[in-house]
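In: Attaching a predicted model along with its sequence, questions to come.
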Amino acid sequence: MTRRALGAALIVTALAALLAACEDESGGAPSVVSTPPPVATAAPPPTATARATTAPTVTATATPPTATPSPTASPTPTASPAPTATPSPTSAATPAAVTPPAPEPGAVSLVPAFGGREFERPVELGAYPAGPDAGNSVFVAEQDGRVYVLRDGGEALLLDLRPQVSRASNEEGLLSVAVDPRFAANHRLWLYYSVDRSADAGPRRTRLSRFTVDEGSPFAVVAGSELVILELEQPFPNHNGGAIRFGPDGLLYLGLGDGGSAGDPRGNGQNLGTLLGSIIRIDVREASAAEPYRIPADNPFVGTPGARGEIWAYGLRNPWRMAFDNAGRLWTGDVGQNALEEIDVIERGGNYGWDRLEGTRCFEPRGGCDRAGTTPPIAEYGRSLGCSVTGGVVYEGEDVPALAGSYLFTDFCSGRLWALAPDSGSVVEVARSERQVASFGTDAAGEVYLLTFGGAILRIAPQSGTGNGR
Ligand SMILES: [Ca+2]
Ligand SMILES: [Ca+2]
């Protein structure tokens, strides 16, 4: 360890002690609160041992990312002090294996993708496994309700759901799209959106639906193919979640917000009797109008009096973006209320604290809250570093080897992009965007994209000195 790094470590240690003592929300960098749980043994192919040897050990350095300009477009500019250093690992269990180069501050460039094509508030990007260029095709979903396919040969409008999608408030719209894991056989897409009520007498609500792509025309959704799986009344227009992700178990996971307003006025986060404030897990493989989904028998609250069997985990405020990694871990960024943004690794039956806790801090009541049975976040940060977390993905591509195995996440306001290395427990700021990054996407090769509300999509690439996209 260099003298400078040692100094940084001491500063971090002192800072951590100070934070622990006063519960001040203004940390110098995202704090690692706990280490992720071990990879589930039931997880599919990629083995735990393979991951342990390829994950980087990220070391703390005292060098602030000098090359990154401070964001100018943030809606809520926060006083951003120079980051002092990344936190030191909480557990010193540094893998002894040979490690590849660690990500360094400012080590990643953000390159405009798709020829600079811009979108209207893009919220989702993923591999699109059909058509003549299937291996190189992605879909991009816009919040207004359009879904495009981008491929080598051009682009196609796959679906225009705008007439059905409400954009009446900032957080309403088409919020998630997932391609069915058995798409090659069943041609199905899954969408989660706010329901337009201009010609609808129903309550404000979000909807999970299945659509079918034309078997003979890979860029057209079959008219009238929508099958409504689930509708959920939303008492307020904000905090709708949500992300649809299929797990390695073939089941559908959907992250739902607490119903909105502020401070969870109805106490949905801790109420197992509502799906609000939870991540649900349902079996849609045999979905039909008569039986849209089934509740898996091994869901944690099946048989619990008063609890909804769909719930997989709860105590969430607004899990905005979720992702499974290749090891089967489910990551989410849970947006905070006033003070703390957090990253969680979701486990079966977990209670992530809201609204008893915001991050690691008591929220209700402000002091002496009941922490019993709650799972702390993996990492958290305060208002000095941003205002609203955008949960990302574990990097499993090849373009940036130093990021291998690290969880990437960012902040919508400050544009800071962090890499969290699960094995060492360190967090490093690897880039900073001037744009509001609302979501992440990955292509078939595992390369990662940042989706900005300004319209651009930025691909994560090694720092080359040129073409960094800023
Ligand atoms: Ca409350
Ligand atoms: Ca929490």
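Out: It's in. Ligands and ions are numbered 1, 2, ... in the order given.
In: so which residue of the stretch 1-150 of the chain comes closest to ligand 2?
Out: Val33 (9.8 Å; CB to the ion). Backbone N, C-alpha and C define where each C-beta goes, glycine included.
In: Helix, strand or coil: sort out whichever residue of the stretch 201-350 of the chain sits closest to ligand 1 for me.
Out: Proximity of the stretch 201-350 of the chain to ligand 1 (CB to the ion) peaks at Asp264, 4.1 Å away. With DSSP: H, G, I helix; E, B strand; the rest coil as the basis, Asp264 sits in coil.
In: What strand or helix carries Leu150?
Out: Using DSSP states H and E, the element containing Leu150 is strand 146-151.
In: Next, count neighbours for the residue of the stretch 1-150 of the chain closest to ligand 2.
Out: As a burial measure, Val33 scores 19 neighbours (other CB atoms under 10 Å).
In: ok, it to Arg361 distance?
Out: Distance, Val33 to Arg361, using CB to CB, to the nearest Å: 11 Å.
In: can you check Ser388 too?
Out: In terms of CB to CB, Ser388 sits 17 Å off from Arg361.
In: Now do the strand holding Leu150: which elements does it pack against?
Out: For strand 146-151, the packing partners by 3 or more CB pairs under 8 Å, 6 or more residues apart in numbering; DSSP states H and E come out as strand 138-142, strand 154-160, strand 174-179.
In: May I have that strand as PDB, with CA atoms only?
Out: Provided in PDB are the C-alpha atoms of strand 146-151 (Å, rounded to 0.1, in the frame of the first residue of the first chain):
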ATOM      1  CA  ARG A 146     -42.700   2.500 -27.900                       C
ATOM      2  CA  VAL A 147     -40.300  -0.400 -28.300                       C
ATOM      3  CA  TYR A 148     -37.700  -0.500 -31.100                       C
ATOM      4  CA  VAL A 149     -35.400  -3.200 -32.300                       C
ATOM      5  CA  LEU A 150     -32.000  -2.000 -33.400                       C
ATOM      6  CA  ARG A 151     -30.000  -4.400 -35.600                       C
END
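In: Just want the angle from that strand to strand 174-179.
Out: Angle between the axes of strand 146-151 and strand 174-179 is 40 degrees (criterion: axes from the mean of the first three to the mean of the last three CA atoms, to 10 degrees).
In: contacting residues around strand 146-151?
Out: 114, 117, 119-120, 128, 131-133, 136-142, 155-162, 174, 177, 189, 191, 219 (CB atoms under 8 Å, 6 or more residues apart in numbering).
In: Is it correct that the residue of the stretch 1-150 of the chain closest to ligand 2 is in contact with Ile378?
Out: Yes: between Val33 and Ile378 there is a contact under CB atoms under 8 Å: 6.3 Å.
In: Tell me where the chain is predicted with low confidence.
Out: Low-confidence segments of the chain, defined by pLDDT under 70, are located at 1-28, 37-102, 465-470.
In: Return the residues of it in contact with ligand 2.
Out: Contacts of the chain with ligand 2, taken as CB under 5 Å from the ion, map to Tyr352, Gly353.
In: Pretty sure Leu110 sits against Val448.
Out: No: using CB under 8 Å, Leu110 makes no contact with Val448, being 10.2 Å away.
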